[in-house]
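Trainee: Following is a predicted model, sequence given first.
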Amino acid sequence: MLKLHHAAVHVSDPAQLITERDSVERRIRVDRRRPGERSDRAGAEGPEARPAAAPPSLFPLPVAPTPPPPAPPGATPGQRPQQINNVAQPAQDTGSDLHESRRKLRLRLQEILWKVSMLTSRRGKHPVRDCGRIPRRKGGNVTVMSGPGGARFAGFLRCMSVWSCPVCMATILDGRAREISRGVGSWIRAGNSAIMGTVTFPHDAGMDLAPLLDMVADTFRYILADHGWRKLKADLRIAGQIRALELTHGRHGWHPHLHLLVLIEGEIPQDALGRLGAFLYDKWNRMVMAQGFRRVDPVKGIKVEQVQSGQEAGLYIAKVADGHSLGMEMGRPDLKSGRMKSRTPLEILGDYANAVAAAETDGGELPASGKRDIALWHEYEQATQGRQAITWSKGLHELLGVTARTDEELVKAEETGDDEPEPPVAVAVIPDPVRREMVKVPGLRATVLDAAETNGLDGINVALALHGIGPALPPPGSGNGLSHWDAFEDAPF
């Protein structure tokens, strides 16, 4: 019998996501001492297309094992194992091991959302419950690609959700982070400057998330429309700003806060940090209190600091998965672990999965903590749907020489490897009947990608054979006499 607790997705352990925020996040406290989609895709595959959400007590969490090296010639392919005992937690390592562990975690969380997400199609976007599970073309095959950026699938539907899909979130935010890092790096090398800051406000447990997000957006629009901001821009030679919204949840409830990156022409004036901090505090506190919230802490509520390099800017704005640049703090909340007892939304989702796995193992009911966590996740995905995660001021892309790309363009670039030094190559074609079985085994997609990186097509077929699935086929032009993707459409499987 499967011991489901071995498959718990322990995302609450920061080592499985990324290390704690580094020293770049020691910000200067500004006080008197420091002046200075298509809807017809739904149901395209019949009952298999979109499974109904199962009761929490029925949630499956086994993970596919990592396959051994390809069997020697003449060996009998392995059959589905009776028990999966070699489930490994993400390695606390760097380089390719860390990349694989993050990928496994994101894919597992995505598989959890296939069951529990309540989001539906919106503005032409595919629902999260179809992302990475249904092919873009009905009955179409999926391709495994491999390149400098690692192995990846091409041909699945993507939901493009920057808030609620762990996989699309990582792709989109990584692209945004790199844009910010390149742009700010060029800006600073040209003799200009940048200031980074964080603004937050008092909040209490029980406050609904959606009104809090509305308050943050309205307050910042108020600041930008204030005549004092226009004067400050002129005095400090502010060329533009980038802002990113981040969310955590703790004992005081939801905690939204904004990360800011303010670009200044030339060197930073001596009094810039103090003036910017004081202006932000005055306007932010005034608007926050006007909407019924408590006074903003003058030390903890507003923090500003000078950016020393484009790399530092990348770390602060978005923290890329493996590159650690300023585009990351602002643009990569998916890589962060909540501080102290606060949790990121992905950690909340992981804690829910752990609670379900424990309840399944013990034969009991889902504990109250698990019920609270799934309620928090549903509130989060509904409240954030359609909101912007990162916003550039008008004209700033052009000023920094950065091409503004849509979320769809960033996802496409990941599949095709447009941003990699060498284009990825096709390793295998996963025929649609094989794809249907593959996505039924939790964790198998990640195992297939790991196998593709180490042993290519042979490794993929070993991974699939362990579950009585397969085979994957060689891609067109690889010596099989086929030269077009559609040649596989009618192949017998």
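Mentor: Structure received.

Trainee: drop to CA atoms for contacts and neighbour counts, all remaining ones
Mentor: Noted.

Trainee: From the contact counts, what lies against the lengthiest helix in the chain?
Mentor: The longest helix of the chain (DSSP state H) is helix 166-189. Here helix 166-189 is seen to pack against helix 96-116, strand 193-199, helix 310-317, helix 327-331, helix 396-400, helix 407-416 when contacts are counted using 3 or more C-alpha pairs under 8 Å, 6 or more residues apart in numbering; DSSP states H and E.

Trainee: lowest-confidence stretch among these?
Mentor: The weakest mean pLDDT among these belongs to helix 327-331, with a mean of 40.

Trainee: Tell me what angle the helix or strand just after that one forms with helix 166-189.
Mentor: Beyond helix 327-331 in the direction of the C-terminus, DSSP states H and E gives the next helix or strand as helix 345-362. Compare the direction of helix 345-362 with that of helix 166-189 by axes from the mean of the first three to the mean of the last three C-alpha atoms, to 10 degrees and you get 150 degrees.

Trainee: Number the chain from 8, please
Mentor: With the count now opening at 8, the last piece we talked about shows up as helix 352-369.

Trainee: Follow the chain on from helix 352-369 and name the next helix or strand.
Mentor: Sequence order places helix 375-391 as the next helix or strand after helix 352-369, per DSSP H and E.

Trainee: in the helix or strand following that next one, what counts as buried?
Mentor: Tracing the chain C-terminally past helix 375-391 and defining elements by DSSP H and E, one meets strand 397-399 next. When burial is assessed from 16 or more other C-alpha atoms under 10 Å, strand 397-399 yields the following buried residues: Ile397.

Trainee: Check stretch 140-152 too.
Mentor: Within stretch 140-152, the residues that qualify as buried by neighbour count (16+ other C-alpha under 10 Å) are Arg140, Ile141, Pro142, Arg143, Gly146, Gly147, Asn148, Val149, Thr150, Val151, Met152.

Trainee: what two of those residues are the furthest from one another?
Mentor: Gly146 and Met152 (19.3 Å; C-alpha to C-alpha).

Trainee: and the least confident of the buried residues of stretch 140-152?
Mentor: Comparing pLDDT over these, Gly146 scores lowest. The value there is 84.

Trainee: which one is it nearest to, not counting chain neighbours?
Mentor: Spatial nearest neighbour of Gly146, chain neighbours left out: Asp439 (5.8 Å); criterion: C-alpha to C-alpha, 6 or more residues apart in numbering.

Trainee: And the one you found, what's its pLDDT?
Mentor: Taken from the predicted model, the pLDDT recorded for Asp439 is 96.

Trainee: and Arg442, what does it touch?
Mentor: Listed by C-alpha atoms under 8 Å, 6 or more residues apart in numbering, the contact partners of Arg442 are Asn148, Val149.

Trainee: Doesn't it belong to a strand?
Mentor: No. With DSSP: H, G, I helix; E, B strand; the rest coil as the criterion, Arg442 is assigned helix and is not in a strand.

Trainee: The longest helix of the chain versus strand 200-206: what angle between them?
Mentor: Orientation check (the same axes, to 10 degrees): helix 173-196 against strand 200-206 gives 140 degrees.

Trainee: mean confidence score for helix 173-196?
Mentor: Per-residue pLDDT values across helix 173-196 average out to 90.

Trainee: Please identify the buried residues of it?
Mentor: Neighbour-count burial for helix 173-196 flags 173-195 (criterion: 16+ other C-alpha under 10 Å).

Trainee: CA atoms only for it, dumped as PDB, please.
Mentor: Extracted C-alpha coordinates of helix 173-196, given in PDB (Å, rounded to 0.1, in the frame of the first residue of the first chain):
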ATOM      1  CA  PRO A 173       3.400  27.900  -9.900                       C
ATOM      2  CA  VAL A 174       4.700  27.000 -13.400                       C
ATOM      3  CA  CYS A 175       3.500  30.000 -15.400                       C
ATOM      4  CA  MET A 176       4.300  32.200 -12.500                       C
ATOM      5  CA  ALA A 177       7.900  31.200 -12.500                       C
ATOM      6  CA  THR A 178       8.200  31.600 -16.300                       C
ATOM      7  CA  ILE A 179       6.600  35.000 -16.500                       C
ATOM      8  CA  LEU A 180       8.300  36.400 -13.400                       C
ATOM      9  CA  ASP A 181      11.700  35.100 -14.400                       C
ATOM     10  CA  GLY A 182      11.300  36.900 -17.700                       C
ATOM     11  CA  ARG A 183      10.200  40.100 -16.000                       C
ATOM     12  CA  ALA A 184      13.100  39.900 -13.600                       C
ATOM     13  CA  ARG A 185      15.600  39.600 -16.400                       C
ATOM     14  CA  GLU A 186      14.100  42.600 -18.200                       C
ATOM     15  CA  ILE A 187      14.500  44.600 -15.000                       C
ATOM     16  CA  SER A 188      18.000  43.400 -14.400                       C
ATOM     17  CA  ARG A 189      19.200  44.200 -18.000                       C
ATOM     18  CA  GLY A 190      17.400  47.600 -18.000                       C
ATOM     19  CA  VAL A 191      18.600  48.800 -14.600                       C
ATOM     20  CA  GLY A 192      22.100  47.500 -15.200                       C
ATOM     21  CA  SER A 193      22.400  49.500 -18.400                       C
ATOM     22  CA  TRP A 194      20.900  52.500 -16.700                       C
ATOM     23  CA  ILE A 195      23.500  52.400 -13.800                       C
ATOM     24  CA  ARG A 196      26.400  51.700 -16.200                       C
END
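
Trainee: Can you find the helix or strand of this structure with the lowest average pLDDT?
Mentor: Lowest on mean pLDDT, DSSP states H and E among the helices and strands of the chain sits strand 35-36, with a mean of 28.

Trainee: Do you know the pLDDT at Pro21?
Mentor: What the model reports as pLDDT for Pro21 is 31.

Trainee: What of Ile309?
Mentor: According to the model, Ile309 scores 89 on pLDDT.

Trainee: From Pro209, how far off is it?
Mentor: Counting by C-alpha to C-alpha, to the nearest Å, the gap between Ile309 and Pro209 amounts to 12 Å.

Trainee: neighbour-wise, which of the two wins?
Mentor: For Ile309 against Pro209, the residue with the higher neighbour count under other C-alpha atoms under 10 Å is Ile309, and the figures read 27 against 16.

Trainee: Would you mind naming the residues that bridge with that one?
Mentor: Under DSSP bridges, the beta-bridge partners of Ile309 are Val206.

Trainee: Equivalent analysis for Gly247, please.
Mentor: So, taking DSSP bridges as the rule, Gly247 has Leu270 as bridge partners.

Trainee: How much space separates it from Ile202?
Mentor: The value you get for Gly247 to Ile202, if C-alpha to C-alpha is used, is 11 Å.

Trainee: now swap in Val448 and tell me
Mentor: Relative to Ile202, Val448 is positioned 47 Å away (C-alpha to C-alpha).

Trainee: Next: Ala297.
Mentor: Counting by C-alpha to C-alpha, the gap from Ala297 to Ile202 is 27 Å.

Trainee: likewise Val469?
Mentor: 52 Å.

Trainee: the more surrounded of those two?
Mentor: Each of Val469 and Ile202 has its neighbours counted (other C-alpha under 10 Å); Val469 has more, 27 against 21.

Trainee: got a list of what Gly154 touches?
Mentor: Each residue near Gly154 by C-alpha under 8 Å, 6+ apart is listed here: Gly424, Glu427, Glu429, Pro430, Pro431, Val432.

Trainee: Okay, and which of those residues map to strands?
Mentor: Val432 (DSSP state E).

Trainee: Apply the buried test to the contacts of Gly154 and list what passes.
Mentor: Gly424, Pro430, Pro431, Val432.

Trainee: I appreciate the help and will end here.
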